[in-house]
Structure formats: C-alpha cells, structure tokens
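> Return atomic coordinates for the entry below.
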Amino acid sequence: MTPSHRLIDLDSRSFERRLASNPLVILPVGALEAHGPHLPLGADQFQAEATASALAERIGALVAPTLPYGSAPGSRRFPGTVSLTMAELETHVAGVLGELARSGVRRLLVLSGHAEPGHMAALREAGERAVRDHPGLRVVVLSDYDFVYELRGKDSPPSDGHAGLLETSRVLAIVPDLVGSERPVVEYKHSRFVPGSPSPSDWPESVIGDTRPASRELGEKIQAHVLARLAETVERLLPP
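Numbers count the residues shown, from 1 in each chain. The predicted structure follows:
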C-alpha cells in the first residue's frame, strides 16, 4: 500500500522516518467565504486541499492539515463569510509554521486557495517570521490563483475574478456536486484606490464576472495548468 501523504494519517515514528528525506510539506490555507449563490462557502478550502493533494502525489510531498479560515474583509457583509484580521491570521500561521519547523520540517509551501491581498500579506509576514526564528527553514508563500489568473484574457475575460468563470469552472472540476445551478453575471465597480470594502451598489453579489460559460472541462484545464506551474515553482524555489 502506498504510504499516505497526509500528516494526520501518519504516526509519530513514521513521520520521523519520513523527515530523513527532507520532504516538502505543503500547508493548505482556505477561507470560509461567500462565493455567490452557486459555489460553496468552502470553495477556497476545497481548491487548496485538492491542489495540495495532487501536487503531493506528483512530487512526493507531505500535506499538513488545512487552515480553514482566512482574512476576507471585502466579502464580510455577505452571509457565511468569516474573516480574521490580518494580525490574527499572521499570528496563527506563524505559530503553525514554527511548530512544523521545530518538528524538523525544512521545506514548506504555504498554498492558499484564497488570494485577497491582505490575506496573502499576512501569510507572507508569517512565513518571514518563521524563517527568521528558525534558521535553515525555507518557505514559499503563494496562492494557486497566482497561476489561475495567468489564464485571464485567454480562457476568460481579463476582468474575471472572485467566483467568476475560472473559479466556477475549477470548482466544477473539483467538487461538482456542491455547485448550484445558478450562473450569475456580476460587474465589480469598486476602485482599488478607494479604501474600505465595496458598497452594495459597487458589488451587489459576491461574484466578479460572467459565470455562464463555466464548465468542468475548462476547470480540468485550469487545474492542470496550476499543477504544472506549482511543480515548476517548487523545483526552482524549494529544491531538496
């Protein structure tokens, strides 16, 4: 039987033996956040977990338990969103990374399924703290949407965004049974130069773009692109 890549499945001594090969450990990070009337609140978590698992199988990595909450102030007014402050998120993630480093992990990939700028800034600060406190630790922090959005202007309009065509297609490929039948079309009007969260008139529903062309086939294409780019990034930035 192939050994599990999930840390929660390993006993203490098996984990200790696996550390001898200096494995990459992936820490998926999600967010409980509104994604329109058609996608689950856990869309970011589902995407991060599926991507981490597929990447671990591809490159022989280990996967730590997912951190399910993130910082999502932009969608906080929509039902179901749970948004930590950046400081709360940074402290929690820094603690987890530090404990993994104390256990002997030396290569860490923080893989977020949520890409809001403040959320990512908190994760990067946590990574910096962990590296500073644990010499010899190497950390890469990114969102899978760093790679998904490389396809904007190719497989979607350039303005596609949160819970839009690309994300709806990707969730259809990962957890199709959790995707509803509605396909909203929403224009996002909030300027990034204006502080604060968007108003209801600037963002009436927690979706950005036209989801009507979404398909499982497009989602599978997106996921293949993400996995290829992740494998390439890990090979370049976190070699054994």
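> For stretch 162-181, give me every contacting residue.
Identification of contacts with stretch 162-181 by CB atoms under 8 Å, 6 or more residues apart in numbering yields 35-40, 43, 46-47, 50, 75, 148-149, 151-152, 155-157, 160, 183, 206-211, 213-220, 222-223. The way it works is simple: take the backbone N, C-alpha and C, and place the C-beta from them, glycine included.
> distance between the ends of that stretch?
This stretch, stretch 162-181, spans 17 Å end to end (CA to CA, to the nearest Å).
> Assign the nearest residue in space to His35 that is not next to it in sequence to helix, strand or coil.
Using CB to CB, 6 or more residues apart in numbering and skipping residues adjacent in sequence, the residue nearest His35 is Ala163, 4.0 Å away. Under DSSP: H, G, I helix; E, B strand; the rest coil, Ala163 falls in the coil class.
> Could you do the one 10 residues further on as well?
What three-state DSSP gives for Ala173 is helix.
> Looking at the residue nearest to His35 now. What's its pLDDT?
Listed pLDDT for Ala163 reads 98.
> for the one 10 residues further on, same thing?
At Ala173, the model reports a pLDDT of 98.
> quick one: it from Pro28, how far?
17 Å (CB to CB, to the nearest Å).
> Now do the contacts for the most centrally placed residue in the chain.
Most central in the chain under CA atoms, centre = their mean is Gly113, positioned 1.6 Å from the mean C-alpha point. By CB under 8 Å, 6+ apart, the contact list for Gly113 reads 28-31, 43-49, 51, 143-145.
> what's the closest of these to Val63?
Pro28 (6.8 Å; CB to CB).
> For the spatially closest residue to that closest one that is not a sequence neighbour, which residues are in contact?
Leaving aside its sequence neighbours, Pro28 sits nearest to Ala48 (CB to CB, 6+ apart; 3.8 Å). Applying CB under 8 Å, 6+ apart, we find Ala48 in contact with Pro28, Val29, Gly30, Thr66, Leu111, Ser112, Gly113, His114, Asp144.
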